[in-house]
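K.L.:
any chance you can model this:
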Amino acid sequence: MTYQGIESLTLESGAYDDTLIYQNNQINRYAGNGGTDTFYADVSDWTVGLHWVNDGSEQTFSNGVEGFSVSGVERLLVQTGSGDDVIEQKIAQTNDEIRTGAGDDQIIFGNESGYDAVDGGLGNDNLTLNWNTAGTTYLTVQRADSSWVNVGSGLDEIKANLADAIAFNYSSNGYGYYDELGNYQNHAGSGVTYQGIESLTLESGAYDDTLIYQNNQINRYAGNGGTDTFYADVSDWTVGLHWVNDGSEQTFSNGVEGFTISGVERLLVQTGSGDDVIEQKIAQTNDEIRTGAGE
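P.N.:
Here you go, the predicted structure:
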C-alpha cells in the first residue's frame, strides 16, 4: 500500500519478523503480534521523557501534540529527546540501538539481552546490566584508530588500554549445560557497546569476570559467583581506601565519584595520596596492589 496525506496510522502486523516505523507529526498505533518485530522511533525533538518498560504490553507515549501506542515489539531502534528517559528492555536477544538525548536517562538490560548499542548523549546517564545468569563477562575498548581490544588482565595493561579508549563494550559469553533431568539448557551471550554514560551498574554471573572501574563515574559492581577480577585506578584521589575485601558490599568515594563493589576476589588496585588500609581476606587471588603517597 502506497500512501500520503495521512495524519494517523494504525498498523497491526502478523506472525513474522516485521519492521514498524513511527512517523512524526502523526498519532500512530502499532501492534507487532508474533515474530521478532523491530520498532523505530526518532523523537529527538521531544522535550518530555519516555518511561518505557518494553515487555510486550501496550504502552502509549505523547509529547502533547503527537505520539504513538505500541505493543508486541521486541527490537528497539529509539532516539529520544531532552527529557529524562527510563528505557528498560525486558525482551532477550533483541540487538537494540538506543540513543538518549540531553536528559538524565536510565537504560536497563536484563540477561541474554542480545548485542546492543547505547549512546547516553548529554546529561547524567545510567546504564544497568542485570546479567546475573551470564557467562564470563569482560570489557573491550575501542582505540582512537577504531580497533577493538580486550582491556586485559593486568594493572598496567588495563591502564594503558583505557587511556585512549573512545568507546566501550561489555560482553558475556554464552554457555550451555544439562540440567538434573538431562535436558540441555542454553544461555546466549550478550554485549553492549556504549558511550556517553556517567554511571554504570553491572551485575555479573557465576563465571570468572573482569569488572573495570571507569573514573568520573559512579559505578556499582556485583561479581556474584566465579573468581572475579576488579580493577580500579584511583591514583588521583586524595582520600584513602579502607577496604577489607571479604566479598561483602562496600562503597568508596572521593566526594565526587566512586564505586560500590561486592563479590569480587582478585584486586588490581592503584590508590592515591590518602592513607590506605587494604586487607585481602580471599585466598589465591594473584592481586596487584599499588598504594600512593599516604601512610
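K.L.:
quote the end-to-end distance of stretch 120-130.
P.N.:
In stretch 120-130, first residue to last residue: 18 Å (CA to CA, to the nearest Å).
K.L.:
what mean pLDDT does that stretch have?
P.N.:
The pLDDT scores in stretch 120-130 average 96.
K.L.:
what of stretch 144-159?
P.N.:
The predicted model assigns stretch 144-159 a mean pLDDT of 95.
K.L.:
and what of stretch 218-233?
P.N.:
The average pLDDT within stretch 218-233 is 93.
K.L.:
so what touches that stretch?
P.N.:
Here stretch 218-233 makes contact (CB atoms under 8 Å, 6 or more residues apart in numbering) with 132, 136, 153, 155, 158-159, 162, 198-213, 215, 249, 257-270, 285. Any C-beta I mention is one placed from the backbone N, CA and C, and that applies to glycine too.
K.L.:
and for stretch 265-272?
P.N.:
So stretch 265-272 is contacted by 154-155, 158-159, 223, 227-241, 245, 247, 278, 280, 282, 285-294 (CB under 8 Å, 6+ apart).
K.L.:
can you tell me which of these end up in helices?
P.N.:
Members of the contacts of stretch 265-272 lying in helices (criterion: DSSP state H): 155, 158, 159.
K.L.:
which one of the residues you listed is nearest to residue 30?
P.N.:
Closest to residue 30 out of the ones in helices among the contacts of stretch 265-272 is residue 158 (44.1 Å), distances taken as CB to CB.
K.L.:
who's in contact with that closest one?
P.N.:
Neighbours of residue 158 in contact, by CB under 8 Å, 6+ apart: 151, 152, 212, 231, 268.
K.L.:
before we move on, what about residue 213?
P.N.:
With CB under 8 Å, 6+ apart, residue 213 has these contacts: 219, 221, 230, 231, 232, 233, 234, 259.
K.L.:
pull up the gap between the fourth one and residue 153, please.
P.N.:
Relative to residue 153, residue 231 is positioned 9 Å away (criterion: CB to CB, to the nearest Å).
K.L.:
can you pull out the helices in the stretch 51-200 of the chain?
P.N.:
For the stretch 51-200 of the chain, the helices defined by DSSP state H, counting those that start in this stretch occupy 155-163.
K.L.:
local confidence estimate at residue 295?
P.N.:
Taking residue 295 on its own, its pLDDT is 78.
K.L.:
how close does it get to residue 19?
P.N.:
Separation of residue 295 from residue 19 (CB to CB): 62 Å.
K.L.:
the more surrounded of residue 231 and residue 153?
P.N.:
Shown here are residue 231 and residue 153; by other CB atoms under 10 Å, residue 231 has more neighbours (26 against 14).
K.L.:
before we move on, the earlier item: now, of the contacts of stretch 218-233, which are buried?
P.N.:
Buried subset of the contacts of stretch 218-233 (neighbour count, 16 or more other CB atoms under 10 Å): 136, 155, 158-159, 162, 198-213, 215, 257-259, 261-270.
K.L.:
tell me which of the residues you listed fall in helices.
P.N.:
Among the buried ones among the contacts of stretch 218-233, the members falling in helices (DSSP H) are 155, 158, 159, 162.
K.L.:
shaky segments in the stretch 51-200 of the chain?
P.N.:
Regions of the stretch 51-200 of the chain meeting the criterion pLDDT under 70 are absent.
K.L.:
of all the ones in helices among the contacts of stretch 265-272, which comes closest to residue 48?
P.N.:
For these, the nearest to residue 48 is residue 158 (40.3 Å; CB to CB).
K.L.:
as CSV, the contacts of residue 158 with distance to residue 26 would be great.
P.N.:
Listed next are the contacts of residue 158 as CSV, based on distance: CB to CB, whole Å:
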residue, distance to residue 26
151, 44
152, 49
212, 43
231, 48
268, 53
